[in-house]
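Student: here is my input; please provide its structure:
(2 chains)
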Amino acid sequence: MKLNHKLNLYFASSKLIIIGLFILLLPLIFNWYSVYTIDKFLRLQRNEAFQNIRTNGLDFYLEGSQTYGSYTMLKDDYIAIQRVVPDSLIGLREIDDQIRVIDRDTAEYRVLKNVFTHNKKYYILEIGRSRETIELYSSLLQDVGLVLLLALFFITIILDFYCSRQALKPFWSIIDKRLVKQEFPFDLNFSPIKTTTNDFIFLDTSLKALMESTTKAFNREREFTANASHELLTPISILRSKIENMKFDKDLNEVQALKLSEMDNTLDRLGRIVRSLLLLARIDSGQYKKTDKIRLQEVLSDIVSELSPMLEDRSINIHADIKEDLLLVGMNQELIFHLFYNLINNAIRYNKKGGSIEIKDAYVDNTYQILIADTGKGIRMEDLESIFDRFSHHEGSGRHGLGMSIVKSIADYFDIKIEVKSKLHQGTVISLSMRHYEENAS
Amino acid sequence: MKVLLIEDEHTLSNEIVNFLTELQYDCETADTFRAATSILTERYFDVILLDLGLPDGDGLNILRAIKINQGDSIVVILSARGDIKDRIEGLQLGADDYLPKPFSLAELHARLQAIIRRKFATNGNIFQIGGFSVDIATRMVYCNDHQILLYRKEFDILSYLILNKNRPLSRSQLYEYVWGDLSISNGDSNYIDVHIKNIRKKLVVYASVDWLESVRGIGYKVNFSK
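Tutor: Residues are numbered from 1 along each chain as shown, chains lettered A, B, ... in the order given. Sure, this is the predicted structure:
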């Protein structure tokens, strides 16, 4: 789930909880509030009633009778004065809800009672207001409140969504620019992502620091490889010369000569490994110029003719069908030769007697693709992944494990995508996709 | 032939001098930039073997001086410096060859001979062996006026063996000489056997090739005494 969506989900659910609580409490609050206002209203009415009684005198209302009553037409409220005996007043509350029958209509009223004396007689003044109207107001307010709340809820959800998206924008651009689009070796000359969020500034600078330290570590390792290989060359050279001179010794017997020869071969292997490492270091540090235009067909036919004795020796049939009018540009003759020599050489070495090698090419999606397929012993699935790793050892290959690393380094150097597909005991297909070429070059 | 070896690594220069003396070269050594420049102002050398990485100066500057003061000397660069730039610059400045360390003495010898024969073109370019004549300069092999066609690599192998006559060369030495830089990641010395087999097959049609000997456990040699 995307961070933005997650955040919005949190926002929405917290709002829903608050709104839910509010909706639950709303009737209680409205009820309480409307009762409170009505009670206030009733007290005001009472004051007015007493004012009137004082001005007009009680008899004006009682007109000789024991009681007085008056109500509005719709019986929303009423006023009544009644003579009472003091005993019946025990437990009387100032305001409460009571059922009253007025004009044969039974209704619940909020009733204010006030006892007063007139000519030593006790009277009670009752002012009532219908609860029905109270509830009407309350439910009206509730409905309006609910609709308003829901509308606000949806507006804030949308606002949240846009705001959080806006706030997270720098985050996505950091991810995109620093992590997704970066390829090793990193381009470290970048300007910081524009943001006012401290956390993102921190993330950005941390990532930059990480990339810098990675690059530094990588460069250190690369320099070490180059320096170490370089330092090893002279001692190896000394040993080699010594062994070679010893071989001229006339007193040498056959056993000694054989041992010397074995030592020489071992030293040769060591020399090859060191020089391979140097070659890798040279490629990796960009020492080779990328200025050659290469007619691939010529390179391949040179390689094939150079390797033809091996092909004949193993009765391997090679078929190369390569476009004549294709030029690779921005290349280095030496390295490209090395690359294809290595691949074709492998296709011969790991082929079976009487096998075949097929070299084909095609234009695929703006790239020029070349396939080298052999009918050799293939590569095991578990070895396929590490085939380009330096010094990865594959059972029975007997190689020092740098040949394919060199191929990979050269391919990377010229932006050539290399893929290996293989089936054990059936063969290997190597595909190279190149982006720097000229078609129809005569 | 007078040879000056400019090399700061004494153990290595001793071995090279031993080897070249054995081959009748007249060797002198210099182990610093300063020693090299002073000896070069006084004396003339036919061959100068130059290590680029000297402790007190850039070997390429010595090369520049040689090219000005004694331009017809043969200069072969021996270098452990990894940069390709050095090789290109060295050859552009007029060095006759460039041997990256760790090189084989047999290769040094073969390359020197090839340069010497090329520069002072004499009859010495043609070797007579077992009824065949091998012309190093024109890269031709004849037997009684029959021209025998060899692949380039086959001729390289044959000439390398001939130039190191009577001395066995290992398969990896041959491989390295013939394939140069490419040999580093393809150490399949079996290829040498294939080439030798083909050379023998092509030559034996005209005469015996028992002078091209296999040396058990070591490699091959050309035996001039046969």
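Student: what segments of chain B are helices?
Tutor: Counting by DSSP state H, chain B has helices at residues B:10-22, B:33-42, B:59-69, B:84-92, B:105-119, B:152-163, B:171-179, B:190-204.
Student: could I get these in TSV, plus columns for mean pLDDT, distance to chain A and mean neighbour count?
Tutor: All C-beta spots, glycine's among them, are computed from the backbone N, C-alpha and C. What follows is these, written out as TSV (pLDDT from 0 to 100; distance: least, CB to the nearest CB, whole Å; neighbours: other CB atoms under 10 Å in any protein chain shown):
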stretch	mean pLDDT	distance to chain A	mean neighbour count
helix B:10-22	92	3	18
helix B:33-42	92	17	15
helix B:59-69	90	14	17
helix B:84-92	83	5	15
helix B:105-119	87	4	19
helix B:152-163	91	6	21
helix B:171-179	85	4	24
helix B:190-204	91	4	18
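Student: including distance to residue A:82, could the ones you listed go into TSV?
Tutor: As requested, the helices of chain B are exported to TSV (distance: least, CB to CB, whole Å):
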stretch	distance to residue A:82
helix B:10-22	134
helix B:33-42	133
helix B:59-69	129
helix B:84-92	121
helix B:105-119	136
helix B:152-163	135
helix B:171-179	129
helix B:190-204	130
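Student: of all these, which one is nearest residue A:57?
Tutor: With CB to CB as the measure, helix B:84-92 is the member of the helices of chain B nearest residue A:57 (126.0 Å).
Student: and that closest one, what does it pack against?
Tutor: When contacts are defined as 3 or more CB pairs under 8 Å, 6 or more residues apart in numbering or on different chains; DSSP states H and E, helix B:84-92 sits against helix B:59-69, strand B:74-79, strand B:97-100.
Student: switch the cut-off to 10 Å
Tutor: helix A:254-284, helix B:59-69, strand B:74-79, strand B:97-100 (3 or more CB pairs under 10 Å, 6 or more residues apart in numbering or on different chains; DSSP states H and E).
Student: deepest of these, which one?
Tutor: Ranked by mean neighbour count, these are led by strand B:74-79 with a mean of 23 (mean count of other CB atoms under 10 Å in any protein chain shown).
Student: next, count neighbours for residue A:208.
Tutor: By the criterion of other CB atoms under 10 Å in any protein chain shown, residue A:208 has 17 neighbours.
Student: and the angle from the helix or strand it falls within to helix B:105-119?
Tutor: Using DSSP states H and E, residue A:208 sits in helix A:198-247. With axes from the mean of the first three to the mean of the last three CA atoms, to 10 degrees applied, the angle from helix A:198-247 to helix B:105-119 works out at 80 degrees.
Student: just how off-centre is helix A:198-247 within its chain?
Tutor: Relative to the centre of its chain, helix A:198-247 is centred 34 Å away, using CA atoms, centre = their mean, to the nearest Å.
Student: now do that helix against helix B:10-22, angle only.
Tutor: Put simply, helix A:198-247 runs at 40 degrees to helix B:10-22, going by the same axes, to 10 degrees.
Student: hang on, the earlier thing: figure out which of the helices of chain B is closest to residue A:271.
Tutor: That would be, of these and by CB to CB, helix B:171-179, which comes in at 8.3 Å.
Student: tell me how far residue B:1 lies from chain A.
Tutor: Going from residue B:1 to chain A by CB to the nearest CB, to the nearest Å gives 19 Å.
Student: can you show me the CA trace of the strand with the most length in chain A as PDB?
Tutor: Longest strand of chain A, by residue count under DSSP state E: strand A:105-118. Listed next in PDB are the C-alpha coordinates belonging to strand A:105-118 (Å, rounded to 0.1, in the frame of the first residue of the first chain):
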ATOM      1  CA  ASP A 105     -55.400  16.100  24.100                       C
ATOM      2  CA  THR A 106     -52.800  14.300  26.100                       C
ATOM      3  CA  ALA A 107     -49.300  15.600  25.600                       C
ATOM      4  CA  GLU A 108     -46.000  15.700  27.500                       C
ATOM      5  CA  TYR A 109     -45.000  19.100  28.700                       C
ATOM      6  CA  ARG A 110     -42.100  20.700  30.300                       C
ATOM      7  CA  VAL A 111     -43.700  22.300  33.300                       C
ATOM      8  CA  LEU A 112     -42.500  25.100  35.600                       C
ATOM      9  CA  LYS A 113     -44.300  25.400  38.900                       C
ATOM     10  CA  ASN A 114     -44.300  28.300  41.200                       C
ATOM     11  CA  VAL A 115     -46.200  28.500  44.500                       C
ATOM     12  CA  PHE A 116     -47.300  31.800  45.800                       C
ATOM     13  CA  THR A 117     -49.700  33.200  48.400                       C
ATOM     14  CA  HIS A 118     -52.400  35.600  47.800                       C
END
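Student: by contact count, what packs against that strand?
Tutor: With contacts taken as 3+ CB pairs under 10 Å, 6+ apart, strand A:105-118 sits against helix A:3-56, helix A:58-62, strand A:77-83, strand A:95-102, strand A:121-130, helix A:131-174.
Student: tabulate those (a markdown table), appending distance to residue B:60 and mean pLDDT.
Tutor: Formatted as a markdown table, the helices and strands packed on strand A:105-118 follow (distance: least, CB to CB, whole Å; pLDDT from 0 to 100):
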| stretch | distance to residue B:60 | mean pLDDT |
| --- | --- | --- |
| helix A:3-56 | 59 | 88 |
| helix A:58-62 | 131 | 84 |
| strand A:77-83 | 116 | 88 |
| strand A:95-102 | 113 | 85 |
| strand A:121-130 | 113 | 88 |
| helix A:131-174 | 48 | 86 |
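Student: could you point out which of those sits nearest residue A:201?
Tutor: Nearest to residue A:201, of the helices and strands packed on strand A:105-118 and by CB to CB, is helix A:131-174 at 8.5 Å.
Student: residue of the stretch 51-200 of chain A with the smallest distance to chain B?
Tutor: Going by CB to the nearest CB, chain B is nearest to residue A:185 of the stretch 51-200 of chain A, at 19.3 Å.
Student: what angle separates the longest strand of chain A from strand A:77-83?
Tutor: Going by the same axes, to 10 degrees, strand A:105-118 is angled at 50 degrees with respect to strand A:77-83.
Student: which positions in strand A:105-118 come out as buried?
Tutor: A:107, A:109-114 (16 or more other CB atoms under 10 Å in any protein chain shown).
Student: tell me the strands beside that strand, with direction?
Tutor: In the sheet, strand A:105-118 lines up against strand A:95-102 (antiparallel), strand A:121-130 (antiparallel) (DSSP bridges).
Student: need the winner for burial among these.
Tutor: It is strand A:121-130: most buried of those by mean count of other CB under 10 Å, with a mean of 20.
Student: can I get that one in CSV, CA atoms only?
Tutor: This file holds the C-alpha atoms of strand A:121-130, laid out as CSV (Å, rounded to 0.1, in the frame of the first residue of the first chain):
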residue,chain,number,x,y,z
LYS,A,121,-54.2,31.4,50.3
TYR,A,122,-51.8,29.2,48.4
TYR,A,123,-51.7,29.2,44.7
ILE,A,124,-49.6,27.4,42.2
LEU,A,125,-48.6,28.9,38.8
GLU,A,126,-47.9,26.4,36.1
ILE,A,127,-46.2,27.3,32.8
GLY,A,128,-45.8,24.4,30.4
ARG,A,129,-44.3,24.0,27.0
SER,A,130,-44.9,21.0,24.8
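Student: quick one, it and helix A:3-56 angle?
Tutor: For strand A:121-130 against helix A:3-56, the angle by the same axes, to 10 degrees is 150 degrees.
Student: quick revisit: let's have the helices and strands packed on helix B:84-92 in TSV, adding distance to residue A:45.
Tutor: What follows is the helices and strands packed on helix B:84-92, written out as TSV (distance: least, CB to CB, whole Å):
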stretch	distance to residue A:45
helix A:254-284	97
helix B:59-69	116
strand B:74-79	116
strand B:97-100	115
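Student: check which helix or strand covers the residue of chain A positioned farthest from its centre.
Tutor: The outermost residue of chain A relative to its centre, with distances by CA atoms, centre = their mean, is residue A:64 at 89.7 Å. Under the criterion DSSP H and E, no helix or strand holds residue A:64.
Student: among the helices of chain B, which is nearest residue A:132?
Tutor: With distances scored as CB to CB, the stretch of those nearest to residue A:132 is helix B:84-92 (101.7 Å).
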